[in-house]
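this is the structure alone, sequence omitted:
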């Protein structure tokens, strides 16, 4: 089935004696927008690493575009945006367009020059995230929200079919966070890019996403977002193992 | 007066070597600085000392080795040291910086042993520690030129990959870049550049030629490519100015080259300060942030 982009089947992963993920199964199809939510230490980051092929599961299988993740080579079909906080040193001497252009590294191939129309591609990618006016700026001069847009542009430049974002809004204020999520929604609707978003901001994204997965070592719920909204209270109780009250997360958590 | 420097062939060798080093050391240094590996250059230069001292000792004790240029054993030990650093960083994954003092003190220790055993190459040794304008031979120049070409080709071919892994290693790994292979070659090239720079600036000051011009460039450059250009400009200014003054004042070039690069950095920092203050006044005290 070619329209399944990510397929986890009965995946488990352990760090030493600590079980990070326990028999997890998940399917992400073309054009879907998934929110992966869960408390700190619930295995969300492990899930991302497994999908990106950075680590291999103990048991079960991870497939990307129908291929085993460990064998998957067309990484440019996946755009990855990590938590801003650990991504880079803000004094790094690079312009916004140099950063975005580096999204073409894999596609261009080892020892080859960037394509002749790279500048044009950079501009297009920056336009898609509304950052074209900042092309010549130093990346360190931008605000956190603007930097994350630039990193989205870096992912977009290789025309990915799937974007994976690991808590991209940590450290970004609420106002910019909302416009950031709106932009993700547009990319999903207008360009048909499937998105897997790991997030703390359940309230903000619930309107936007098509599917939700609740992770806490195992997946406690996965399905369409309407169903999640309807059954939220009972899902949460089951998920945390005890009744929980909704708390406002403010600027998001500290990550995992 | 300036033409005098070209009348002696040994000066020509020193000058040509200096020009090459002035390009490749800051160029590679930019990647080293942004990857926070500055101390590695220092560690490698001390390992180079062990190789040089070993070579000088061997050439004293075994006549067949007398003609061997110490730069080769220096390079060999530098490369070995770089591989060892890589291994140690893997072993002490959560204390990666531990590799540096281990290698650095190991290098000095072995160097000290050979120096004490040999007794009597102190004049040569001074040249290796602080650089020399008179000791650069034709063989040195050819070796340095070869390393220079190799380094330029490596950076030219792998520029975009090196940029990507320097800027965001996590993203590069997610993109499937083969970091290990790239890092391996990066360390080898660094070791070779460190060992060849030592002829001109001396072992104790090699790392400054890889970091000071870069530090100055990062103050003026907007982007990475610009930073590389400015690093090379500042590196060349320091080397040329340093070699001339070393020759005419009869001082070790390592000292003059590094002092000039420190001065360049100070001037740039001062100019930036003055400008920032002037800009602040114009904007009525408001910092002009975006």
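Thanks, I have it. Fair warning: this is a prediction, and the values are worked out from it, not measured in the lab.

quick one: contacts for the residue in the stretch 1-150 of chain B that chain A sits nearest to?
Across the stretch 1-150 of chain B, the shortest distance to chain A (C-beta to the nearest C-beta) belongs to residue B:34, at 5.9 Å. For the C-beta atoms, the positions are set from N, CA and C on the backbone; glycine is no exception. Counting by C-beta atoms under 8 Å, 6 or more residues apart in numbering or on different chains, residue B:34 touches A:89, A:92-93, B:166-167.

among these, which one has the most neighbours?
residue A:93 (28 neighbours; other C-beta atoms under 10 Å in any protein chain shown).

the contacts of residue B:34 in helices, which ones?
In helices, defined here by DSSP state H, the members of these are B:166-167.

ok, now how distant is residue B:83 from residue B:184?
8 Å (C-beta to C-beta, to the nearest Å).

ok so, going back, any idea which of the contacts of residue B:34 is closest to residue A:129?
Of all the contacts of residue B:34, residue B:167 has the smallest distance to residue A:129: 18.0 Å, by C-beta to C-beta.

roughly how far does the closest one sit from residue A:151?
Taking C-beta to C-beta, one finds residue B:167 at 11 Å from residue A:151.

list residues touching both of these two?
Joint contacts of residue B:167 and residue A:151 (C-beta under 8 Å, 6+ apart) are residue A:99.

buried residues in the helix or strand of chain B with the lowest mean pLDDT?
Lowest mean confidence among the helices and strands of chain B (mean pLDDT, DSSP states H and E): helix B:122-130, at a mean of 80. Along helix B:122-130, these residues count as buried under the neighbour rule (16 or more other C-beta atoms under 10 Å in any protein chain shown): B:124-125, B:127-130.

let's have those in TSV, adding distance to chain A.
TSV is the format used below for these (distance: C-beta to the nearest C-beta, whole Å):
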residue	distance to chain A
B:124	39
B:125	38
B:127	35
B:128	33
B:129	32
B:130	30
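
got any ranges where the stretch 101-250 of chain A has weak pLDDT?
A:238-250 (pLDDT under 70).

from the contact counts, what lies against the one helix or strand residue B:195 maps to?
Residue B:195 belongs to helix B:179-201 when assigned by DSSP states H and E. Contacts defined by 3 or more C-beta pairs under 8 Å, 6 or more residues apart in numbering or on different chains; DSSP states H and E place helix B:179-201 against helix B:9-34, helix B:38-61, helix B:70-91, helix B:122-130, helix B:138-167, helix B:169-174, helix B:206-220, helix B:253-282.

can you tell which of those is closest to residue A:209?
helix B:169-174 (21.9 Å).

run through who's touching that closest one.
Helix B:169-174 is contacted by residues A:52, A:54, A:75, A:78, A:80, A:82, A:86-87, A:105, A:151, A:154, B:161, B:164-165, B:179 when judged by C-beta under 8 Å, 6+ apart.

near chain B, which residues of the stretch 101-250 of chain A?
In this structure, the stretch 101-250 of chain A approaches chain B at residues A:101-102, A:104-106, A:108, A:110-111, A:114, A:136-138, A:141-143, A:151, A:154, judged by C-beta under 8 Å from any C-beta of the partner chain.

which of the contacts of residue B:34 lies closest to residue B:196?
The closest of these to residue B:196 turns out to be residue B:166 (C-beta to C-beta; 22.5 Å).

pretty sure the closest one sits against residue B:31.
Yes. If you go by C-beta atoms under 8 Å, residue B:166 and residue B:31 touch, sitting 5.6 Å apart.

count of residues packed around residue B:68?
Residue B:68, neighbours per other C-beta under 10 Å, totals 14.

what sits against it?
Counting by C-beta under 8 Å, 6+ apart, residue B:68 has contacts B:55, B:58-59.
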